[in-house]
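K.L.:
Have a look at this prediction, sequence included:
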Amino acid sequence: MPVLRDAPTDTIAAVATPPGRGGVGIVRLSGPNALAVASRLFASARPGFSGLKPYRLHHGTIRDEACRPVDSGMAAYMPGPGSYTGEDTVELHCHGAPAVLRRVLAACFALGARPAGPGEFTKRAFLNGRLDLSQAEAVAELIAARGDTDAGLALSRLSGAVSRAVKELAAALDELRAGICLAVDFPEEEVECLPKAAFASGVSAVVARIEALLATGRRARPFRLGARVALFGRVNAGKSSLFNALLGTDRALVADLPGTTRDYLEEGLDLDGLPVRLTDTAGLRETPDAVEAAGKARGLDLAQTADLGLYVVDGAAPYVPDGEAEALLRRLGPGKTLAVAAKADLPPGDPDPRLALAAMGLETVPVSARTGFGLTGLLAAMRARLTRDGGPIEPDAAAPSEREAASLAAAHAELTELLADIEADVPYDLLGVRLETACAMLADVTGETTPDDVLATVFDRFCIGK
């Protein structure tokens, strides 16, 4: 059964546009007194104006609580339950000057509205049944999207793709529950239960569909959360030159003097829709310089937690073993490391360092930061490694979030145990308990049974005004 929650009874207000100056700024009101407050603040420029009409833009003057003009703008009224929040909502469209928006918002508060909390407009949409929890989460993801794929995945969830998939799973489990409940509830009647072979087949089908959803979520994860790629290696190997070449700008200082990079540098990089945080770490060497040593340690810490490490070596010189670099390579493993033989525009070292890298089991890409040779191949190899959990993903795929994946994984574990119980010929009433538990876990995805503390965590991640 869904968790019943009381709908809000007060009126909230917030600026719905990003901080800073802009052509347009919007103050949003939602709640039972939204229309009354807005009607006090808005004076139409049209003779014979008789009040805000639903779903129209009205031009006029926006005033403060004392009817003093604040700005020339527009007002739009969306009555509940057909609004975004499911309750009466009004938007006051002003010029995007922070001083103007502050005055309009203060006037809303003076007339009885209260400040909206993070995500409170969307939370009201959830509480009023306009969105389920999966769709509400997708709103925040869409706002925070950093690429086309990320935005497409969020829009797919907002349209209900994950919710529909989960509801189909729940419906399949409900059919199985119906098939065993008759015999459990009416043991004195001659009612046949669903045969255990058919029961196991039905559960296995749901398990397979959950596994497919979880796999899609894993493929979507780097697009949704972004990835960190760290460059590391000995001093003067060419890390900073490569860093600049990948970014297409002179972000890192480059010099022949060893130890030029004394701390790590970070910049964003778009890998064909995959958002990446590229980190250039200080070169590895023994040094008495405390600042350089501290920068090197911080860089190593970052590299250890990176989704992918680029081990940069000087391709024009023989390979020089480095204890710190090779210890990091062991921690990352070949699956999370690409070796880069830099300075490929020069003759290779003798012996060729690529032979040593190959002997270590590392895929190696030769690159010249000066000429650009190999950069396209390196970018492609980086993207392939970062998306190796299943390859490409369609932007409209039903990809569960981390929270949803946890609930799906819990349901999967319960159903796997159920299959073992069926095999062990456990009584139907006990099998039914496992089905009930799995159904409750699926209901967490859409928010039907989600505890209030989980809801608070979800909506606290939102910006104020949405």
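P.N.:
Received it, and whenever you're ready, just let me know what you need. Residues are numbered from 1 along each chain as shown.

K.L.:
Next, give phi and psi for G73.
P.N.:
Recorded main-chain torsions at G73 are phi -160, psi -150, according to degrees, to the nearest 10.

K.L.:
swap in R130?
P.N.:
phi -80, psi -30.

K.L.:
Who are the contact partners of it?
P.N.:
By C-beta atoms under 8 Å, 6 or more residues apart in numbering, R130 lies in contact with 81, 84-86. Where C-beta positions appear, they are placed from N, C-alpha and C, glycine not excepted.

K.L.:
From S156, how far off is it?
P.N.:
Taken as C-beta to C-beta, to the nearest Å, the spacing of R130 relative to S156 amounts to 18 Å.

K.L.:
and what of A316?
P.N.:
Here A316 is placed at a distance of 48 Å from S156 (C-beta to C-beta).

K.L.:
Point out where this protein drops to low pLDDT.
P.N.:
By pLDDT under 70, the weakly predicted segments of the chain are 1-7, 181-193, 249-264, 283-299, 389-392, 450-451, 453-454, 464-465.

K.L.:
Tell me the buried residues in stretch 431-438?
P.N.:
By neighbour count on 16 or more other C-beta atoms under 10 Å, the buried set for stretch 431-438 is 431-432, 434-435, 437-438.

K.L.:
can you redo those as a markdown table with distance to I210 and secondary structure?
P.N.:
Below are the buried residues of stretch 431-438 laid out as a markdown table (distance: C-beta to C-beta, whole Å; DSSP: H, G, I helix; E, B strand; the rest coil):
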| residue | distance to I210 | secondary structure |
| --- | --- | --- |
| L431 | 18 | helix |
| G432 | 19 | helix |
| R434 | 14 | helix |
| L435 | 14 | helix |
| T437 | 14 | helix |
| A438 | 9 | helix |
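
K.L.:
Including distance to Y55, could those residues go into JSON lines?
P.N.:
Conversion of the buried residues of stretch 431-438 to JSON lines gives the following (distance: C-beta to C-beta, whole Å):
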{"residue": "L431", "distance to Y55": "52"}
{"residue": "G432", "distance to Y55": "49"}
{"residue": "R434", "distance to Y55": "49"}
{"residue": "L435", "distance to Y55": "45"}
{"residue": "T437", "distance to Y55": "45"}
{"residue": "A438", "distance to Y55": "43"}
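
K.L.:
out of those, which one sits closest to A140?
P.N.:
Of all these, the one sitting nearest A140 is A438; the distance, using C-beta to C-beta, is 27.4 Å.

K.L.:
residue contacts, that closest one?
P.N.:
Going by C-beta under 8 Å, 6+ apart, the list of residues near A438 reads 173, 411, 414-415, 418.

K.L.:
ok, now with 6 Å
P.N.:
A438 sits next to 411, 414-415 when contact means C-beta atoms under 6 Å, 6 or more residues apart in numbering.

K.L.:
now R383
P.N.:
Under the contact definition (C-beta under 6 Å, 6+ apart), the residues listed for R383 are 271, 274.

K.L.:
what's the helix or strand for it?
P.N.:
Remark: R383 resides in helix 375-386, with elements defined by DSSP states H and E.

K.L.:
export that helix as PDB, just CAs?
P.N.:
Once non-C-alpha atoms are left out, helix 375-386 reads as follows in PDB (Å, rounded to 0.1, in the frame of the first residue of the first chain):
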ATOM      1  CA  LEU A 375      45.100  12.200 -30.000                       C
ATOM      2  CA  THR A 376      41.900  11.100 -31.800                       C
ATOM      3  CA  GLY A 377      42.800   7.400 -31.100                       C
ATOM      4  CA  LEU A 378      43.600   8.200 -27.500                       C
ATOM      5  CA  LEU A 379      40.200  10.000 -27.000                       C
ATOM      6  CA  ALA A 380      38.400   7.000 -28.500                       C
ATOM      7  CA  ALA A 381      40.300   4.500 -26.300                       C
ATOM      8  CA  MET A 382      39.500   6.600 -23.200                       C
ATOM      9  CA  ARG A 383      35.800   6.700 -24.000                       C
ATOM     10  CA  ALA A 384      35.800   2.900 -24.800                       C
ATOM     11  CA  ARG A 385      37.400   2.200 -21.400                       C
ATOM     12  CA  LEU A 386      35.000   4.500 -19.500                       C
END
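
K.L.:
quick one: buried residues of the following helix or strand past that helix?
P.N.:
The C-terminal neighbour of helix 375-386 among helices and strands, as given by DSSP H and E, is helix 402-423. Neighbour-count burial for helix 402-423, with 16+ other C-beta under 10 Å as criterion, is recorded at 403-405, 407-412, 414-416, 418, 421-422.

K.L.:
Against which helices or strands is helix 402-423 packed?
P.N.:
Here helix 402-423 touches helix 196-225, helix 428-446, going by 3 or more C-beta pairs under 6 Å, 6 or more residues apart in numbering; DSSP states H and E.

K.L.:
Give me whichever of the ones you listed is most buried.
P.N.:
Compared across the helices and strands packed on helix 402-423, helix 428-446 shows the largest average neighbour count, a mean of 20 (mean count of other C-beta atoms under 10 Å).

K.L.:
So what's the residue count around the residue lying closest to N128 once chain neighbours are set aside?
P.N.:
When the adjacent residues along the chain are set aside, N128 lies closest to G86, with 2.9 Å between them (C-beta to C-beta, 6 or more residues apart in numbering). Using other C-beta atoms under 10 Å, G86 has 19 other residues around it.

K.L.:
In three-state terms, how would G86 be classified?
P.N.:
Of the three states, G86 takes coil under DSSP: H, G, I helix; E, B strand; the rest coil.

K.L.:
just the buried residues of helix 402-423 now: which is nearest T9?
P.N.:
Of all the buried residues of helix 402-423, the one with the least separation from T9 (C-beta to C-beta) is R403, at 28.4 Å.
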